[in-house]
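K.L.:
Have a look; sequence and predicted model below, questions after that.
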Amino acid sequence: MNILITNDDGIFAPGVKALAELLSHFGKVIVICPETEKSAYSHKITLRQPLNLKKVDLSSTAETYAVNGSPADCVKIGMDVLEGEPDIVFSGINIGPNVGRDLYYSGTIAAAQEAMLYQSPLISVSLETFDSRKIKFDIVKQLFYQVLEVIIQNKLPKNLMLNVNLPYTSKELCKGVRVVPMDLTVSRYNFTGLNDSHGQIYYWLKDNYHELELNEGTDYDLLRQGFITISPIELVHTKKRRIDQLTRWFQYFKER
């Protein structure tokens with residue numbers, strides 16, 4: 001297999017190296033990541049400045065490049081510039097989970113969605129912990145390997161993304177796997193008003209992940225319980241029934 005890896009934590013994020021080491025058992029790995037952290041970049045692409053694809057000595061198991069752009073840029077440049085499209089694309093391992101409305105904000109997920117535009121199967125993978133300095137990635141790799149084997153054996157369809165969230169626990173203590181939709185009522189980021197030294201109020205987005213209410217059976221709830229959660233995401237097209245509905249609205253509109 002030809003495998004492309006990207007992320008939004010930056011080229012030197014430990015989750016990238018761990019994922020490259022794990023996936024090297026399944027095929028040839030190429031890593032293309034932003035040169036710095038680009039969290040919450042969503043699906044931004046770079047239009048008004050040139051991008052530099054710079055080779056980096058990161059891992060003996062993968063050919064590695066850094067790009068002065070967004071996570072979506074990394075996938076796009078990998079598809080358009082490098083020879084041969086990958087058989088599968090991975091985005092991760094992201095430090096911190098991607099649940100609920102992260103579907104629309106996450107650079108990790110956006111990179112995976114960019115690959116969907118190229119008809120490539122893809123997997124976004126995130127870890128439910130926030131302190132990269134304390135993570136034992138051997139534990140994480142053992143846990144994800146079980147999921148990975150099942151996905152590869154069943155051949156992930158094109159145009160389908162799997163958003164995988166891993167609890168930070170051993171495979172022995174993991175409670176299992178749950179396939180669930182991403183609950184869009186879960187909104188982690190809210191504005192908090194703060195006063196500066198001149199009494200001027202300014203607003204800062206605060207991550208309330210550990211303070212959210214647990215709605216039973218959601219991706220957020222199950223992940224916090226110790227389950228691996230997998231959310232299948234498909235590329236959304238305009239639906240014919242909506243076209244027909246709106247056509248009826250304007251059927252008497254006078255054409256000039």
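P.N.:
Alright, I've got the coordinates.
K.L.:
what helices or strands is the lengthiest helix in the chain leaning on?
P.N.:
Assignment by DSSP state H gives helix 137-154 as the longest helix of the chain. On a contact count with 3 or more CB pairs under 8 Å, 6 or more residues apart in numbering; DSSP states H and E, helix 137-154 meets helix 14-23, strand 88-95, strand 122-128, strand 160-167, strand 228-234. C-betas here are computed from N, CA, C, even on glycine.
K.L.:
most neighbours per residue, which of those?
P.N.:
strand 88-95 (a mean of 27; mean count of other CB atoms under 10 Å).
K.L.:
Sheet partners, orientation included, of that strand?
P.N.:
Strand 88-95 has its sheet partners listed here by DSSP bridges as strand 2-6 (parallel), strand 122-128 (parallel).
K.L.:
on that earlier part again, could you dump the helices and strands packed on helix 137-154 to TSV with mean pLDDT and distance to residue 65?
P.N.:
Supplementary listing: those in TSV, determined by pLDDT from 0 to 100; distance: least, CB to CB, whole Å:
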stretch	mean pLDDT	distance to residue 65
helix 14-23	95	12
strand 88-95	95	14
strand 122-128	96	18
strand 160-167	96	22
strand 228-234	95	26
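K.L.:
Minimum distance to residue 79: which of these has it?
P.N.:
Residue 79 lies closest, by CB to CB, to one member of those: strand 88-95, at 8.8 Å.
K.L.:
how far is the helix or strand following that closest one from where the chain is centred?
P.N.:
Moving toward the C-terminus from strand 88-95, the next helix or strand (DSSP states H and E) is helix 102-105. Chain-centre distance of helix 102-105: 9 Å, with CA atoms, centre = their mean, to the nearest Å.
K.L.:
That'll do, ta.
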